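*Asks:* Got a predicted structure plus its sequence, pasted below:
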Amino acid sequence: MILEIDRVSKRFDNSDKEAVNNVSLTINEGEFICLVGPSGCGKSTLLNMIAGLERPTAGEIRLAGEKITGPGADRVVMFQDAALFPWLNVLDNVTFGLRLMKKDKVECNRIAMNYLKMVKLTKFAHYRVHELSGGMKQRVALARALAMDSAILLMDEPFSALDKQTINKLRDEVAQIWEETRKTIVMVTHSVEEALFFGDRVVVMSAHPGEIREILTIDLPRPRPIDSASFVSYRKTILEEVRKEVDRSEQAEFGGQ
Amino acid sequence: MNKRSLVVSKASNTGKTLLFYLVLIVIWEVAYLIGTQWLGVWKSYAFPEPLGVLRAGMRMAADGSLWYAVAYSGIRAAVGFLLSAIIGIGFGIILSVGKKNIAHYLRPFLMGIQTLPSVCWVPFAILWFGLDEQAIIFVVIMGASFSITLSVDSAIRNVNPLLIRAARTMGAEGRTLYTKVIVPAGLPAFIAGLRQGWSFAWRALMAGEVMSSTIGLGHSLMMGRDLADINQVMLVMLVIVLLGIIIDRGVISQVETKVLKSRGL
């Protein structure tokens, strides 16, 4: 057990309902956890609280027993937008966090090149960010996150700004990299297919207030072809679950109209 | 279009522009001759003419007064702009990181001061410093530093918050966050602010120099008036415009283009 989310709630100042309500979840080392749910279910808020970018209004989150009080290099986040620094080239973007750890420059570059190789971008090490496509930018962001070798890697809908072909390719690459590195990953996604493709466990959340509805353990062998019979039947189950949640939260939001 | 024809068309464009201004100057000269010599409706001391401006320029270049004026004004502009930049950047940073409430109340006040024409600071400057260098520099600083302060403040506040969040999750905080993320991210807006600050500084400097009696372009302008030499007035005005443009286009905008280009903007 590496990450403990212990009865965490979050209410924003301008809201009368909890965005995240009394959520508890334990995440084991090397596990790939996917959070799915309708929009407004608090899955991104929960991720931000793990990252330390938001503070819970109640409860606490512990990483390896230590209470999380702010952002830190042990919980790197990969965002929907690559969030690369446009004044740096690809290599310097990947070494950014490493340099902050006061590591030797040669060592930083060696590590960075290693991860750029993993995402197949070594040839682009000296390119400027604006010279890359959307998919390449997101792969640089992945290399940057992996290079930090953080205890846990957080992903906030990392593929949702990309086109379909790029998504499929990048998913395969991330799955392969995860097989190689076995990092602990928490991924927020709105795609049930994506959650099933990656997750050891899929956490289905509901909105208004944001709560955990169900936690499903996915016993599908990897790699998981998305057109296999068992994959399709799993997807149906979860989709139904999510649809129920969407209906229910709409009911709560627009009830009686 | 290939590179060569692009170069050729650029050159011919410059040629056309030059021709345009040449024609304009000829029209100006002809208008002067018609108005003053043939019709006699204009007084020749009140209407500048291109040849007269040229003569005034050669005379002032020969006796050195033009070079002195340019040098003195140039040094004052450099000192005044540099001090404005230091003060402006300093206060801009303080404003953007300082207490939210105080900064919130202070911004409209600064915007108000910034709209005040810099010549309005001249009486103040004279009462405080007398008619000397300090007074002129003071006017320049009051004219330029508020604009720089406000643009640095807004440059910092407009840094993409996602970049800051990403940096924080990689362990950047406090001063490191500033030096490694916020300052480089805000750099294009910083430079744009400095560019605007320069144009304010240059205008303020001329306002200050016109009022004072020390050597400089503003003073040469007033000398022209005192001598009823409208051609000298015109010449000095042209020099002021040219110097302002040279610093803006030749220096600041070059740096700006370089920074923007490196980011694909």
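*Replies:* Ah, there it is.

*Asks:* what's across from the closest residue to residue A:195 other than its chain neighbours in the sheet?
*Replies:* Distances taken as Cβ to Cβ, 6 or more residues apart in numbering or on different chains put residue A:34 closest to residue A:195, at 3.7 Å, once the chain neighbours are dropped. For every residue, glycine as well, the C-beta is placed using N, CA and C. Counting by DSSP bridges, residue A:34 is bridged to residue A:187, residue A:202.

*Asks:* Give me the neighbour count for residue A:34.
*Replies:* Using other Cβ atoms under 10 Å in any protein chain shown, residue A:34 is surrounded by 26 other residues.

*Asks:* wait, what's in contact with it?
*Replies:* Applying Cβ atoms under 8 Å, 6 or more residues apart in numbering or on different chains, we find residue A:34 in contact with A:187-189, A:194-196, A:198-199, A:201-203.

*Asks:* Just among these, which is most surrounded?
*Replies:* In terms of neighbour count, residue A:195 stands highest of the contacts of residue A:34 at 28 neighbours, by other Cβ under 10 Å.

*Asks:* can you tell me if stretch A:148-166 touches chain B.
*Replies:* Yes. Stretch A:148-166 lies within reach of chain B by Cβ under 8 Å from any Cβ of the partner chain, at A:148, A:154.

*Asks:* Number of residues surrounding residue 137?
*Replies:* No chain in the question, so chain A it is. Residues near residue A:137, counting by other Cβ under 10 Å, number 21.

*Asks:* that answer is for a different chain, and I need it for chain B
*Replies:* 21.

*Asks:* Give me the spatial nearest neighbour of whichever residue of chain A sits closest to chain B, chain neighbours excluded.
*Replies:* Going by Cβ to the nearest Cβ, chain B is nearest to residue A:130 of chain A, at 2.7 Å. Excluding the flanking residues, the one nearest residue A:130 by Cβ to Cβ, 6+ apart is residue B:264, at 2.7 Å.

*Asks:* The one you found touches residue A:131, doesn't it?
*Replies:* Yes. Residue B:264 is in contact with residue A:131 according to Cβ atoms under 8 Å; the separation is 6.9 Å.

*Asks:* coming back round to it: so how far is residue A:51 from the residue nearest to residue A:195?
*Replies:* Between residue A:34 and residue A:51 the distance is 16 Å, computed by Cβ to Cβ, to the nearest Å.

*Asks:* near chain A, which residues of the stretch 51-200 of chain B?
*Replies:* Counting by Cβ under 8 Å from any Cβ, the stretch 51-200 of chain B sits next to chain A at B:160, B:162-163, B:165-173, B:176, B:180-181, B:184-185, B:187.

*Asks:* quick revisit: mind putting the contacts of residue A:34 into CSV with pLDDT?
*Replies:* Listed next are those as CSV, based on pLDDT from 0 to 100:
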residue, pLDDT
A:187, 96
A:188, 96
A:189, 93
A:194, 91
A:195, 91
A:196, 90
A:198, 94
A:199, 93
A:201, 94
A:202, 93
A:203, 94
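
*Asks:* Which of the residues you listed sits closest to residue B:65?
*Replies:* Nearest to residue B:65 out of these is residue A:188 (Cβ to Cβ; 72.0 Å).

*Asks:* Show the contacting residues for the closest one.
*Replies:* A:34-35, A:43-44, A:46-47, A:155-157.

*Asks:* Phi and psi next, for residue B:244.
*Replies:* Reported as degrees, to the nearest 10, the phi and psi values for residue B:244 are phi -60, psi -40.

*Asks:* Count the residues that sit near residue 192.
*Replies:* No chain in the question, so chain A it is. 22.

*Asks:* hmm, I had chain B in mind actually
*Replies:* Applying other Cβ under 10 Å, I find that residue B:192 has 17 neighbouring residues.

*Asks:* in what helix or strand does it lie?
*Replies:* Element membership for residue B:192, per DSSP states H and E: helix B:183-211.

*Asks:* which is the next helix or strand following that helix?
*Replies:* Using DSSP H and E, the helix or strand that follows helix B:183-211 towards the C-terminus is helix B:217-226.

*Asks:* now that following helix against helix B:183-211, angle please.
*Replies:* Orientation of helix B:217-226 against helix B:183-211 (axes from the mean of the first three to the mean of the last three Cα atoms, to 10 degrees) gives an angle of 30 degrees.

*Asks:* Which neighbouring elements make contact with helix B:217-226?
*Replies:* helix B:65-97, helix B:183-211, helix B:230-245 (3 or more Cβ pairs under 8 Å, 6 or more residues apart in numbering or on different chains; DSSP states H and E).

*Asks:* got JSON lines for those helices, with mean pLDDT too?
*Replies:* Shown next, in JSON lines, are the helices and strands packed on helix B:217-226 (pLDDT from 0 to 100):
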{"stretch": "helix B:65-97", "mean pLDDT": "94"}
{"stretch": "helix B:183-211", "mean pLDDT": "92"}
{"stretch": "helix B:230-245", "mean pLDDT": "93"}
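
*Asks:* can you put those helices in CSV and add distance to residue A:217?
*Replies:* Formatted as CSV, these follow (distance: least, Cβ to Cβ, whole Å):
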stretch, distance to residue A:217
helix B:65-97, 47
helix B:183-211, 43
helix B:230-245, 71
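
*Asks:* of these, which approaches residue A:140 most closely?
*Replies:* helix B:183-211 (17.1 Å).

*Asks:* Great, nothing more from me.
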